[in-house]
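In: Structural data only, the sequence is not supplied:
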Ligand SMILES: [Zn+2]
């Protein structure tokens, strides 16, 4: 539960984190003061329980950090390919075969090879400390659980699992602050939408339903009708675990 009662405590030093091979070393120097995001990474990785920390360290080759500087307006960045592709599980659908309706098995689609990237937005440089910590912990929780954007119906349960893990690590209070902020932002966006003309809203649709904060995408998630973790329910606008 993200009830804020469990508090994290420091379990390891920067040296031990670097030793684990998980520090986002984009340069030669290890400098946690490089950005607020790096400081939050130090804070979170320093407090994750030993088993989970080891698990994350063991899996460092399965994903990439992406922490662009806030002065970079655009860039081309290489990422190591971390998966040869994934196959959806086989499932059954109802179909008409030889004139009869019956259940048939269909094999899952396979994705192309891809890279898993843990992206931390430069906007976090201007966010409150608890927000930065919550976001870093949340994304690391997704990495720990090996979550991917594979099936839309996995999204809500994966969000709930990630927030549960954030709370278990002792960052429940930060998660609550994060959820409160997301709620405020959602309310603000709702007000802005209400005051916009239909024309403007139609123009906005050209951006597609996958834009974070898009009301239709939020509704898609809600219509899945899976009971999410309260913190995830309060923060339903995440896309590809991006928030
Ligand atoms: Zn997420």
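Out: In hand now; what should we look at? In this text, all values refer to a predicted model and were calculated from it rather than measured experimentally. Numbers count the residues shown, from 1 in each chain.
In: What segments of this protein are strands?
Out: Counting by DSSP state E, the chain has these strands, from start to end: 64-66, 91-97, 100-106, 117-119.
In: quick one, which of these is packed in tightest?
Out: Compared across those, strand 64-66 shows the largest average neighbour count, a mean of 18 (mean count of other C-beta atoms under 10 Å). Every C-beta, even on glycine, is put in place using the N, C-alpha and C of the backbone.
In: Ok, which of the strands of the chain comes nearest the ion?
Out: In terms of C-beta to the ion, the element of the strands of the chain nearest to the ion is strand 117-119, at 10.9 Å.
In: Wondering if that closest one reaches the ion at all.
Out: No - Strand 117-119 is not in contact with the ion by C-beta under 5 Å from the ion; minimum separation 10.9 Å.
In: Can you mark which positions in stretch 16-35 are buried?
Out: The neighbour-count check on stretch 16-35 (16 or more other C-beta atoms under 10 Å) flags 17, 20, 22-24, 32, 34-35 as buried.
In: now it: how far from the chain's centre is it?
Out: With C-alpha atoms, centre = their mean, to the nearest Å as the basis, stretch 16-35 stands 21 Å off its chain's centre.
In: what's the first-to-last distance across that stretch?
Out: One end of stretch 16-35 sits 20 Å from the other (C-alpha to C-alpha, to the nearest Å).
In: Redo the strands of the chain as TSV? Include distance to residue 84.
Out: Output for the strands of the chain, formatted as TSV (distance: least, C-beta to C-beta, whole Å):
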stretch	distance to residue 84
strand 64-66	16
strand 91-97	22
strand 100-106	22
strand 117-119	16
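In: Now render the ones you listed as CSV, adding mean pLDDT.
Out: As requested, the strands of the chain are exported to CSV (pLDDT from 0 to 100):
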stretch, mean pLDDT
strand 64-66, 96
strand 91-97, 87
strand 100-106, 88
strand 117-119, 96
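In: one step back: among the buried residues of stretch 16-35, name the ones in helices.
Out: Per DSSP state H, helices hold the following members of the buried residues of stretch 16-35: residue 17.
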